[in-house]
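> The sequence and its predicted three-dimensional model are supplied below.
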Amino acid sequence: MPTSRAHARIGTARQLEILLTVFEQRSISAAAKTLHLTQPSVSMQLAKLSAAVGLPLYYAVGKQLEFTEAGLTLVDSAREILKSYEYLELKLAKLRGLETGRLQLAVVTTAKYFIPHLIGEFYEQHPQLDILFRVGNRQQIIDYTGEDEDDFYVFSHPPKNPDLELVEFLPNRLLAIAPEKHPLAGRGKISLQEFASCPFLRREEGSGTRHAIERFLQKQKIDLNIRMTIESNEAIKHAVMSGLGVSILSEHTLAFGGHSGLAILEVEALPIITHWYLARRKSRPLSPAALEFLEYARNLETVPEESGLTWPLPPNS
C-alpha cells in the first residue's frame with residue numbers, strides 16, 4: 001500500500017507547533033516571543049500552513065485572533081499529531097534506557113513542601129536526569145491531567161477519572177493549629193464543636209486541603225465559623241500566628257514550612273488522615289525515568305529527613 005502524503009500537503013510538525021502556540025496565546029507577537037522567533041517568521045509559517053490547507057485558519061478581532069472552523073479542526077489534529085511525537089520519544093527513551101531523560105511532575109500546593117525532598121534524594125541516585133515540576137491547587141492539577149504534559153500528578157484527593165492510574169505512596173495528616181497564646185493552646189482534648197466555633201481560616205475553592213476538611217466536617221455534621229478565605233498555606237500560617245483565627249493544615253506544611261508561633265491542638269476526631277497519590281494517565285507510556293521514580297515512590301515509608309525536623313511531626317509538639 002502506498003504511503004500517504006497527506007502530511008506533505010498539510011504542513012510540517014514545526015508549523016503545527018507554531019499554530020498551537022498562536023492558538024494558546026491568541027496573538028502572533030506573544031507566540032513569537034514564546035517560540036523565540038520573529039513575528040514575520042511566525043506569520044510566514046502560518047501563511048504557508050493556511051495555503052497548504054486551502055482555507056483561512058484565523059482572523060483578527062481587534063488585537064485578538066479568532067480561529068475559523070478549519071483552524072479549530074487543525075488545532076485539534078495538531079495536538080494529536082504532536083502528542084504522538086511525544087509518545088514516540090518516550091517509547092524510544094525506554095529502548096535507550098535511563099542514561100538520559102526527563103521526569104515531569106505536577107503537584108498540588110501542599111505537596112510542594114515535601115516533593116523537593118523526594119526529588120532531591122531521587123536526583124542524587126540519578127543525576128543525569130532532567131527533573132521538572134510545577135505547582136497548583138487541586139483544581140489546576142486536575143486541569144493539567146487533561147493536558148497530558150506530565151509523567152505524574154501528586155494529589156491528596158485525586159479526581160475520579162477512569163483514565164488515571166493511582167498509586168498511594170505516603171500518609172498525609174491534617175492537624176488543627178492556633179496561635180501559641182490562644183486559649184485552646186496547651187489544653188488537653190478539645191471538642192470538635194468548640195474548635196469549630198473559633199474563627200476559622202480556610203483555603204480557597206479548588207484546594208485539596210479545603211476539600212478534605214469539608215468532606216470530614218460534613219460527615220461529622222459540624223459547621224465552621226468561617227472568618228476568611230486565604231489562597232496559600234504560608235499566608236494561613238502567618239494569619240494564624242497574628243491571631244486572626246485557627247485553621248487545619250497538612251503536617252508537611254508545618255514540618256517543612258516551619259511552625260514557630262503556632263500551637264498544634266489536640267482536637268477530638270483529628271487529625272484528618274489522608275494519603276498522597278501519584279496519578280498518571282494510563283495512555284501515556286512510562287519512560288525509564290518515570291518507571292524508576294514510580295518504584296522509588298512505592299518503596300517510601302517516610303519523607304527523607306531534611307531541615308533537622310523529626311518526621312512525622314508529633315500532633316501536639
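Received it, and whenever you're ready, just let me know what you need.

> isn't L105 right up against D151?
Yes. Contact between L105 and D151 holds when scored by CB atoms under 8 Å: they sit 6.7 Å apart. To be clear about C-beta, it is placed using only N, CA and C from the backbone, and glycine gets the same treatment.

> who's more crowded, these two?
Per other CB atoms under 10 Å, whichever of L105 and D151 has more neighbours is D151, with 25 against 21.

> right, and L278 touches L294 too?
Yes. Applying CB under 8 Å as the test, L278 and L294 come out as touching, 6.8 Å apart.

> intersection of neighbour lists for those two?
With contacts defined as CB atoms under 8 Å, 6 or more residues apart in numbering, the residues shared by L278 and L294 are 152, 167.

> my guess is R202 is in a strand, correct?
Yes. If the criterion is DSSP: H, G, I helix; E, B strand; the rest coil, then R202 is within a strand.

> what sits against it?
When contacts are counted by CB under 8 Å, 6+ apart, R202 is found next to 210, 213, 224, 226, 228-230, 247.

> Identify, by residue count, the longest helix of this structure.
Selection of the longest helix in the chain by residue count, based on DSSP state H, yields helix 69-96.

> helices or strands next to that one in the packing?
Identification of packing neighbours for helix 69-96 by 3 or more CB pairs under 8 Å, 6 or more residues apart in numbering; DSSP states H and E yields helix 13-25, helix 39-53, helix 288-298.

> For stretch 23-38, measure first residue to last.
Taking CA to CA, to the nearest Å, the first and last residues of stretch 23-38 lie 17 Å apart.

> Could you do stretch 43-62 as well?
Terminal residues of stretch 43-62 lie 17 Å apart, using CA to CA.

> Only the buried residues of that stretch, if you could.
43, 45-46, 49-50, 53, 57-58 (16 or more other CB atoms under 10 Å).

> and if you look at stretch 75-88?
Residues of stretch 75-88 classed as buried under the neighbour-count rule (16+ other CB under 10 Å) are 75, 78-79, 81.

> Just send those residues back as TSV, with distance to A289 and pLDDT too.
What follows is the buried residues of stretch 75-88, written out as TSV (distance: CB to CB, whole Å; pLDDT from 0 to 100):
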residue	distance to A289	pLDDT
V75	30	90
A78	26	88
R79	24	87
I81	24	86
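
> Nearest to L217 among these?
Top of the list for closeness to L217, among those and by CB to CB, is R79 at 40.5 Å.

> Am I right that that closest one is in contact with L19?
No. Distance between R79 and L19: 10.0 Å, which falls outside the contact criterion (CB under 8 Å).

> Which strands or helices does the top strand by length along the chain pack on?
Longest strand of the chain, by residue count under DSSP state E: strand 164-179. In terms of contacts (3+ CB pairs under 8 Å, 6+ apart), strand 164-179 is packed against helix 208-220, helix 233-241, strand 247-250, helix 251-257, strand 262-265, strand 272-281, helix 288-298.

> now the last one: how far from the chain's centre is it?
What it means is helix 288-298. Using CA atoms, centre = their mean, to the nearest Å, we find the averaged C-alpha position of helix 288-298 to lie 18 Å away from the chain's own average C-alpha position.

> before we move on, what about the third one?
In terms of CA atoms, centre = their mean, the gap separating the centre of strand 247-250 from the centre of its chain is 19 Å.

> what's it packed up against?
Counting contacts by 3+ CB pairs under 8 Å, 6+ apart, the secondary-structure elements packed against strand 247-250 are strand 164-179, strand 199-203, helix 208-220, helix 233-241.

> C-alpha coordinates for it, CSV please?
Listed next in CSV are the C-alpha coordinates belonging to strand 247-250 (Å, rounded to 0.1, in the frame of the first residue of the first chain):
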residue,chain,number,x,y,z
SER,A,247,-7.1,26.5,60.9
ILE,A,248,-6.3,23.0,59.8
LEU,A,249,-3.2,22.3,57.7
SER,A,250,-1.1,19.4,56.5
